[in-house]
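Colleague: sequence unavailable; structure follows:
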Ligand SMILES: Cc1cc2nc3c(=O)[nH]c(=O)nc-3n(C[C@H](O)[C@H](O)[C@H](O)COP(=O)(O)O)c2cc1C
Ligand SMILES: CCCCC(=O)C(=O)O
């Protein structure tokens with residue numbers, strides 16, 4: 001198997017552009033994007049995307065948990081050529097980085113998830129499409145073309161609607177189902193409450209149910225004709241839902257690919273997912289957007305990997321901003337890492353090219369972090385690559 005060109009090549013590409021006095025479209029530092037976007041977006045959309053639950057403590061805990069683990073570099077290991085390719089639940093990817101499901105993307109850029117789907121396909125990175133997308137399943141699949149794609153389900157209250165959405169996702173080539181468990185109702189989010197800002201009220205992020213025959217069947221008028229009625233039905237369908245562990249066989253019955261539960265933080269829940277015959281989990285606290293005062297997501301990872309890592313694909317998200325962050329999560333046993341806000345900031349700053357720039361920067365930084373810390377392959381990353389402060 002020939003070694004693919006290193007992602008670190010983005011670095012030389014950028015330096016060479018300097019010969020023609022060209023600089024990157026915006027910062028290559030994933031920790032600075034939030035500041036750039038704050039200046040660009042209206043306060044409503046900015047607060048919605050960047051904000052967390054309550055005081056923001058969980059968001060800060062995510063970053064602090066990542067900072068408390070630090071890399072201990074090794075020398076003279078022959079890490080000149082790296083191979084970051086991997087496969088998760090049958091999906092091949094050029095590096096263990098995926099685009100987390102993020103809804104309502106058209107609040108930051110008119111092309112929304114379509115631009116994201118195109119950028120993901122250009123890089124071959126799997127995207128996870130959200131149930132709360134501002135474009136339909138079929139539109140995003142078309143934009144993603146032959147790229148790898150998974151579908152994220154917000155489990156609706158009505159089974160007919162769930163089945164209809166799952167059938168559409170399957171028909172549109174989504175291979176793995178990601179079921180998000182931590183957002184069955186929205187948290188207390190002062191950023192949004194203080195501005196009375198909720199995108200869904202404006203009908204953004206409702207494209208999938210509003211284009212769904214099972215969702216629309218009981219409506220007296222179409223969502224285009226009577227937005228308020230449709231939004232009311234949306235609220236009843238997707239908020240305050242009550243699903244339990246016993247309900248999981250329903251998903252197995254209606255989805256024939258792998259199923260991943262997203263939003264796991266407790267070891268006991270990870271064990272439960274394994275016992276329920278799930279294929280994977282995402283160790284995630286939704287980027288600190290749901291439970292304020294919760295642990296940093298990375299702090300949940302080692303215990304969960306020890307408990308179920310041999311039975312389930314364990315993925316990780318929440319707080320990842322740099323290549324070093326990705327390296328740390330991989331070293332602690334995640335098979336792949338999802339990023340949320342960073343690529344959405346890229347979308348806000350530059351559409352499809354902006355998403356691509358953020359992801360290429362992250363890939364390059366991961367590649368160089370691997371190289372300079374002495375790792376030439378993913379299997380060389382172990383907890384021994386790190387120390388905990
Ligand atoms: C604006 C926004 C919308 C989101 N929408 C969804 C969603 O529709 N479904 C979902 O499972 N997670 C959603 N998430 C959570 C992400 O999938 C992911 O867990 C989180 O963003 C990871 O943290 P990070 O932003 O620090 O990378 C959303 C996150 C943001 C920032
Ligand atoms: C009910 C959909 C919520 C979208 C979402 O996941 C978020 O804003 O974090």
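Modeller: Cool, got the structure. Note that the coordinates shown come from a computational prediction; the quantities given were computed from them, not determined experimentally. Ligands and ions are numbered 1, 2, ... in the order given.
Colleague: CA only for contacts and neighbour counts going forward, please
Modeller: Fine.
Colleague: now do the contacts for residue 378.
Modeller: Taking Cα atoms under 8 Å, 6 or more residues apart in numbering, we find residue 378 in contact with 83, 84, 330.
Colleague: which ones among those residues lie within helices?
Modeller: Among the contacts of residue 378, DSSP state H puts residue 330 in helices.
Colleague: and the contacts of residue 378 as a markdown table, adding pLDDT, distance to residue 113 and neighbour count?
Modeller: What follows is the contacts of residue 378, written out as a markdown table (pLDDT from 0 to 100; distance: Cα to Cα, whole Å; neighbours: other Cα atoms under 10 Å):
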| residue | pLDDT | distance to residue 113 | neighbour count |
| --- | --- | --- | --- |
| 83 | 96 | 29 | 19 |
| 84 | 97 | 26 | 22 |
| 330 | 99 | 27 | 22 |
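Colleague: which of the contacts of residue 378 sits closest to ligand 2?
Modeller: Set against ligand 2, the nearest of those by Cα to the nearest ligand atom is residue 330 (24.0 Å).
Colleague: the closest one against residue 324, yeah?
Modeller: No - using Cα atoms under 8 Å, residue 330 is not in contact with residue 324, being 9.9 Å away.
Colleague: and the longest helix seen in the chain with ligand 1, contact?
Modeller: Criterion DSSP H: the longest helix present in the chain is helix 341-372. Yes - contact of helix 341-372 with ligand 1 (Cα under 6 Å from any ligand atom) involves residue 341.
Colleague: enumerate the positions of that helix that are buried.
Modeller: Of all the residues in helix 341-372, those buried under the rule 16 or more other Cα atoms under 10 Å are 341-372.
Colleague: can you give the contact residues for the helix or strand containing residue 163?
Modeller: Using DSSP states H and E, residue 163 falls within helix 159-171. By Cα under 8 Å, 6+ apart, the residues outside helix 159-171 that reach it are 137-138, 151, 155-156, 208-209, 212-215, 254-255.
Colleague: name the member of the residues you listed with the most neighbours.
Modeller: residue 209 (28 neighbours; other Cα atoms under 10 Å).
Colleague: can you name the residues that contact it?
Modeller: Per Cα under 8 Å, 6+ apart, neighbours of residue 209: 165, 215, 216, 234.
Colleague: make it 10 Å
Modeller: Residue 209 is in contact with 131-133, 136-137, 156, 161-162, 164-165, 215-216, 223, 230-231, 233-234, 237-238, counting by Cα atoms under 10 Å, 6 or more residues apart in numbering.
Colleague: okay, it: pLDDT?
Modeller: Confidence at residue 209, expressed as pLDDT, is 98.
Colleague: with residue 3 instead?
Modeller: We note a pLDDT of 60 for residue 3 in this prediction.
Colleague: could you do residue 6 as well?
Modeller: pLDDT at residue 6 comes out at 80.
Colleague: I figured it hits residue 363, correct?
Modeller: Yes - counting by Cα atoms under 10 Å, residue 363 is a contact partner of residue 6 at 9.2 Å.
Colleague: give me the common contacts of the two.
Modeller: Residues touching both residue 6 and residue 363 by Cα under 10 Å, 6+ apart: residue 84.
Colleague: for the contacts of helix 159-171, give me TSV that also has secondary structure and distance to residue 11.
Modeller: As requested, the contacts of helix 159-171 are exported to TSV (DSSP: H, G, I helix; E, B strand; the rest coil; distance: Cα to Cα, whole Å):
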residue	secondary structure	distance to residue 11
137	helix	35
138	helix	36
151	strand	32
155	coil	42
156	coil	44
208	helix	39
209	helix	42
212	coil	44
213	helix	48
214	helix	49
215	helix	48
254	helix	45
255	coil	41
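Colleague: going by distance to ligand 1, which of those wins?
Modeller: Proximity of the contacts of helix 159-171 to ligand 1 (Cα to the nearest ligand atom) peaks at residue 151, which lies at 9.6 Å.
Colleague: beta partners for the closest one?
Modeller: Going by DSSP bridges, residue 151 is paired in beta bridges with residue 129, residue 177.
Colleague: from ligand 1, how far out is the residue nearest the centre of the chain?
Modeller: Residue closest to the average C-alpha location in the chain (Cα atoms, centre = their mean): residue 100, at 1.0 Å. From residue 100 across to ligand 1, the span is 4 Å (Cα to the nearest ligand atom, to the nearest Å).
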